[in-house]
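Engineer: mind folding the following:
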Amino acid sequence: MLPILIPAKTYALSGTLFSPSKEGVHPAVLIIHGWQSDQERSFDTAQMLEEEGFVCLTFDLRGHGKSEGSLKEFSSKDFLHDALAAYDFLAAQKNVDPKRIGIIGGSYGGYLAPLLSAEREVPWIVMRAPADYPDETFERPKVEIRGANAWRKEPKEWQASKALRALHSFRGKVCIIESEQDDSIPHQTILNYNDAVSDRSRLAYVLMKGAPHSLSAHPHYKKEYHEILSHWLRSNFFN
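Structural biologist: Take a look at the predicted model:
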C-alpha cells in the first residue's frame, strides 16, 4: 500500500498503489470512486484484488478526498481527464502488463468507466450501480446538474448518452452489478446499460438482492460484492 501523487494537468491527484508481493508483471485494476466519495472507501476492494494477484490503483478525483481543487468548478469532462491520467500512470508501472488493465467504477465511477474505455484499450470493465447523465451536462460543473434521476428513469437507446454509446462500442467483457434497494440509480438505468452492450455473450449482470446504493456501511453486502468480483474475474480470466 503505497501513497502516490498522479499529475493531471494543473492538479495533483492523491492515489494509492497496491502491489502483490510476488515479483514479475501482473494484470492491474483501476478503481474509480463515486461522486463525493473518495478512494479510501475502496481500499478493502483493492486489498482483495491485490491478494488475487492484481496491481491495483485507487485515487481521488479532483476536488475529492486528498486531491487538489474545488469541487464546484469541475465537469464530467474534467473528471474523465483525471481517470485517464490515473490509467496512464498505472500503465506505466514496471510491474504492470499495460494490455491487462481492467476498470472498476462505482456509481459516478461507473459512468466514467465506459467513457475511459473509449479512450484506451481496456479488456474488461465492472460497473457497480452505474449512473448516467445527459450529454448536455458533460462540460457543465457537476454540482450544477439537476434532474438527472428523472432522466435516468426513462428507457434509452444506446445512442442516447456518451456512456451508453461507449459501452455499445466496447469489445471487452462487462460486468454490471445492480443493488436491488438502490435509491440513487433507477432500475431502468441498469436496463439501459445492459441493453447497450452489443454482444450479450460478453455481459454478466448480477443483482445484489436487498443491497442499498452505498455498500460502505454494510459489511455483509461489501463481502458479497467482493465474492461477485472474485468469481467473475476467476471465471473469465484465470481458467
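Engineer: list the buried ones in the helix ranked longest in the chain?
Structural biologist: Secondary structure of the chain per DSSP state H: the longest helix is helix 219-237. Residues of helix 219-237 classed as buried under the neighbour-count rule (16 or more other C-beta atoms under 10 Å) are 221-222, 224-226, 228-229, 232-233. Any C-beta I mention is one placed from the backbone N, CA and C, and that applies to glycine too.
Engineer: same thing with stretch 51-69?
Structural biologist: Within stretch 51-69, the residues scored as buried using 16+ other C-beta under 10 Å are 52, 54-67, 69.
Engineer: what's the farthest-apart pair in those residues?
Structural biologist: Spanning the widest gap among the buried residues of stretch 51-69 are Glu52 and Gly69, at 32.4 Å by C-beta to C-beta.
Engineer: enumerate every residue touching the most centrally placed residue in the chain.
Structural biologist: With distances taken as C-alpha atoms, centre = their mean, the residue of the chain nearest its centroid is Gly105 (1.3 Å). Contacts of Gly105 were listed using C-beta atoms under 8 Å, 6 or more residues apart in numbering, and they are 31-32, 111-113, 125-128, 130.
Engineer: quick check: buried residues in the helix or strand containing it?
Structural biologist: Using DSSP states H and E, Gly105 maps to strand 96-106. Within strand 96-106, the residues scored as buried using 16+ other C-beta under 10 Å are 96, 100-106.
Engineer: the helix or strand containing Leu115 - contacts with which helices or strands?
Structural biologist: Here Leu115 sits within helix 108-117, counting by DSSP H and E. Under the contact criterion of 3 or more C-beta pairs under 8 Å, 6 or more residues apart in numbering; DSSP states H and E, helix 108-117 touches strand 26-32, helix 76-91, strand 96-106, strand 124-128, helix 162-169.
Engineer: ok, 10 Å please
Structural biologist: Here helix 108-117 touches strand 26-32, helix 76-91, strand 96-106, strand 124-128, helix 162-169, strand 173-181, helix 187-196, going by 3 or more C-beta pairs under 10 Å, 6 or more residues apart in numbering; DSSP states H and E.
Engineer: wait, doesn't Pro3 sit right on Leu17?
Structural biologist: Yes: with contacts defined as C-beta atoms under 10 Å, Pro3 counts as touching Leu17 at a distance of 8.2 Å.
Engineer: so which of these two has more stuff around it?
Structural biologist: Leu17 (21 against 9; other C-beta atoms under 10 Å).
Engineer: list phi and psi for the closest residue to that one other than its chain neighbours.
Structural biologist: Closest residue to Leu17 apart from its sequence neighbours, by C-beta to C-beta, 6 or more residues apart in numbering: Leu2 at 4.4 Å. The phi and psi values for Leu2, taken as degrees, to the nearest 10, are phi -120, psi 110.
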